[in-house]
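In: Here is my input, please return the structure:
(2 chains)
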Amino acid sequence: METKKTSLYQLHQDCNAKFVEFAGYQMPIQYSEGIVEEHKFTRNHSGIFDVSHMGQLFIYGGDELIKDLEKIFPLDLKNLRLNHSKYSFLMDKDAGIQDDLIITKIKEGFLIILNAACKDNDFKILKELLNEKYQMVLDENRSLIAIQGPKSSQILNDVIDGVKDLNFMSGNLFLFDNQKVYITRSGYTGEDGFEISIPNNFADKLTRELIDKGSKLVGLGARDTLRLEAGLCLYGHDLDKDKTPVEANLKWAISKERISKGGFIGSDIIIKQLNNGVTKIRVGIKPEGRVIAREKTKIFNQSDVHIGEITSGTFGPSVNGPVAMGYVENKFSEKNTKVFLEVRGKKHAASVCSLPFYKKSYVKGSN
Amino acid sequence: MSEVKYSKEHEWIKLEGDIATIGITKHATEMLGDIVFAELPEKGSSVEKDGTAGVVESTKAASDVYTPVSGEVLDTNQEIVDDPSKINQDPENNAWFFKLKIKDKSEMDSLMNKKDYDKFAKESNS
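Out: Predicted coordinates:
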């Protein structure tokens, strides 16, 4: 299958992007300044991310759709207000995570943002689960542009007036060049920021205007170091079908209202795990030295017993050291538990830590 | 009179008498991106031509560093271990990796000169 290109492909080339194939798309991994500089620029100023490879699924419907979606997702959707977003998962009957997603209540129904590698399968699953009762569009005609970092609110507001009044995890329709764009205040970096759903033909123009105002393009490489420092999960690595939301330490995302009654896919297992606990759980892992523990690195306890595995690990430019997360046996999940990571045949000391590794001191509205 | 040669694994080697100084090329650093970790061989250890003699890691991935010749490790550059970003800044001078007492100078013969390496690097890039 031929790899796809996003609407910003030419702009990426103009900015000297290095490309990688990701989920069937030619995506920029970094630009000329490199991952560390792009990471720091996002933390200190403003970075633009082309995430057009992600799925934008529109499902149209009213009250009946809400009821049907509540049979799928562990969310209190009937109380989700217009233009508000929630983080959630598509689970299988064993509560294994098939994808993690953001669902937003829009006027005509719901907008669900899906991972690029999962979107086609998600679409199929959801279509079946909803018995083809509703109009569903996995929209390839829209791009998705994220702008993240402390200066992003001002920069985006200079181009699209009013966005700075959005609250976190909420959105609205705005106009850019007389085109309807849907903007939410959200992101994947641990920074204040926005995600902009815009018709493909206008994505390049908007992005160039944001660059003119002082933002810079940032590649998938820095997106990964930023999200890992922020303690956020990457599907296919930290989350997959063999892990449940409770094991992933994401029970905060499951509506309490729904737990008491169940009735969503995987609810039996979720309720059981919430009551009885889990055997493995996702934790932050901080190596003591400079050695980077990458995905699949084995974790040992102090008695040299294998207790888990790293699922994501890299060097965190803002932390200025290695950062990782992984799954360990529940009894070793306590903060500050000393563990050892086997890298290239040697055991390196590390400790279990709370997430995120990097917490923003920035207060919304102070700039 | 010193001689600088290059390996297909993108190491450079400078020979002065029977002391060889080894590092990675600018082209290698450009392919790797920002280097954030470096591990060097132990002083006093012996390394074999084309064997692993260290590791560099970028934010993206780990890569082995090979030695283009055999010998005994006389010295290693602690500065690049403490601050790996120096490797990106000055890979072919100050950011050398290790010094060897070379075992067999004829191992230099199979390595490339600058002109051949530049051509090789350019081709391996595409």
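In: In the chain, what residue spans correspond to helices?
Out: Answering for chain A, as no chain was given. With DSSP state H as the criterion, chain A has helices at A:9-14, A:35-44, A:63-70, A:119-129, A:152-159, A:200-212, A:220-229, A:256-261, A:267-276.
In: think we crossed wires, I meant chain B
Out: Here chain B has its helices, by DSSP H, at B:26-32, B:78-82, B:85-89, B:114-125.
In: pretty sure B:Val55 contacts B:Val36?
Out: No: using Cβ atoms under 8 Å, B:Val55 makes no contact with B:Val36, being 11.6 Å away. C-beta: built from backbone N, CA, C; applies to glycine.
In: Next up, the contacts around B:Phe120.
Out: B:Tyr6, B:Lys8, B:Met112 (Cβ atoms under 8 Å, 6 or more residues apart in numbering or on different chains).
In: circling back to that earlier point, output the helices of chain B as TSV; include the columns mean pLDDT.
Out: What follows is the helices of chain B, written out as TSV (pLDDT from 0 to 100):
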stretch	mean pLDDT
helix B:26-32	94
helix B:78-82	96
helix B:85-89	96
helix B:114-125	91
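In: For chain A, list the residue farthest from the centre, please.
Out: A:Ser303 (35.5 Å; Cα atoms, centre = their mean).
In: any idea how far that one is from A:Tyr87?
Out: A:Ser303 is 37 Å from A:Tyr87, where distance means Cβ to Cβ, to the nearest Å.
In: ok, back up a step: quick check: phi and psi on the residue farthest from the centre of chain A?
Out: Phi and psi for A:Ser303, reported as degrees, to the nearest 10, are phi -90, psi 20.
In: B:Val55 and B:Val36 - which one has more neighbours?
Out: B:Val36 (27 against 17; other Cβ atoms under 10 Å in any protein chain shown).
In: so of the helices of chain A, which one's packed in deepest?
Out: With neighbours defined as mean count of other Cβ atoms under 10 Å in any protein chain shown, these peak in mean count at helix A:220-229, which reaches a mean of 25.
In: what angle do it and helix A:35-44 make?
Out: 60 degrees (axes from the mean of the first three to the mean of the last three Cα atoms, to 10 degrees).
In: Now do whatever residue of chain B ends up closest to chain A against A:Lys261, distance only.
Out: At 3.7 Å from chain A, B:Val36 is the closest residue in chain B, using Cβ to the nearest Cβ. The gap separating B:Val36 from A:Lys261 is 48 Å, by Cβ to Cβ.
In: do you know how far A:Lys360 is from A:Thr189?
Out: To A:Thr189, A:Lys360 is 10 Å away according to Cβ to Cβ.
In: These two: which is more packed in?
Out: Taking other Cβ under 10 Å, A:Lys360 and A:Thr189 do not tie; A:Thr189 has more neighbours (26 against 16).
In: Relative to chain B, how far out is the closest residue in space to A:Glu21 that isn't next to it in sequence?
Out: Closest residue in space to A:Glu21, ignoring its immediate chain neighbours: A:Thr3 at 5.4 Å, by Cβ to Cβ, 6 or more residues apart in numbering or on different chains. A:Thr3 sits 18 Å away from chain B, going by Cβ to the nearest Cβ, to the nearest Å.
In: Get me the contact residues on the stretch 1-150 of chain A for chain B.
Out: A:Ile29, A:Gln30, A:Gly34, A:Ile35, A:Val36, A:Glu37, A:His39 (Cβ under 8 Å from any Cβ of the partner chain).
In: Which single one of those residues is nearest to A:Lys124?
Out: Nearest to A:Lys124 out of the residues of the stretch 1-150 of chain A next to chain B is A:Ile29 (Cβ to Cβ; 28.9 Å).
In: Enumerate every residue touching the closest one.
Out: Neighbour list for A:Ile29: A:Ala17, A:Lys18, A:Phe19, A:Val20, A:Gly219, A:Leu220, A:Gly221, B:Lys60 [criterion: Cβ under 8 Å, 6+ apart].
In: Mind listing the residues bridging to the residue most central in space within chain B?
Out: In chain B, the C-alpha nearest the mean C-alpha coordinate belongs to B:Gly23, at 2.6 Å (Cα atoms, centre = their mean). For B:Gly23, the beta-bridge partners are B:Trp12 (DSSP bridges).
In: right, and it touches B:Lys99 too?
Out: No: using Cβ under 8 Å, B:Gly23 is not in contact with B:Lys99, being 10.2 Å away.
In: got the contact list for the closest residue in space to B:Ile22 that isn't next to it in sequence?
Out: With sequence-adjacent residues excluded and distances taken as Cβ to Cβ, 6+ apart, B:Ile22 is closest to B:Ile13, at 5.0 Å. Counting by Cβ under 8 Å, 6+ apart, B:Ile13 touches B:Val4, B:Lys5, B:Tyr6, B:Ser7, B:Ala20, B:Thr21, B:Ile22, B:Pro68, B:Val69, B:Met108, B:Leu111.
In: which bits of chain B sit near chain A?
Out: Residues of chain B lying near chain A by Cβ under 8 Å from any Cβ: B:33-34, B:36-37, B:39, B:55, B:57-62, B:81, B:84-85, B:88.
In: swap the cut-off to 6 Å and go again
Out: B:Gly33, B:Asp34, B:Val36, B:Phe37, B:Glu57, B:Thr59, B:Lys60 (Cβ under 6 Å from any Cβ of the partner chain).
In: separation between the closest residue to A:Lys151 other than its chain neighbours and chain B?
Out: Nearest in space to A:Lys151, with sequence neighbours left out and distances taken as Cβ to Cβ, 6+ apart, is A:Ser46 at 4.2 Å. From A:Ser46 over to chain B the distance is 20 Å, taken as Cβ to the nearest Cβ.
In: For A:Ser46, give its distance to A:Lys213.
Out: 8 Å.
In: If you count surrounding residues, which of the two has more?
Out: A:Ser46 (27 against 16).
In: Alpha carbons only: can I get the lowest-mean-pLDDT helix or strand in chain A in CSV?
Out: Lowest by mean pLDDT, DSSP states H and E among the helices and strands of chain A is helix A:256-261, with a mean of 92. Written as CSV, here are the backbone C-alpha positions of helix A:256-261 (Å, rounded to 0.1, in the frame of the first residue of the first chain):
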residue,chain,number,x,y,z
LYS,A,256,-17.9,6.6,38.7
GLU,A,257,-21.5,6.8,37.8
ARG,A,258,-21.0,4.1,35.3
ILE,A,259,-19.0,1.8,37.5
SER,A,260,-21.9,1.4,40.0
LYS,A,261,-24.3,0.2,37.2
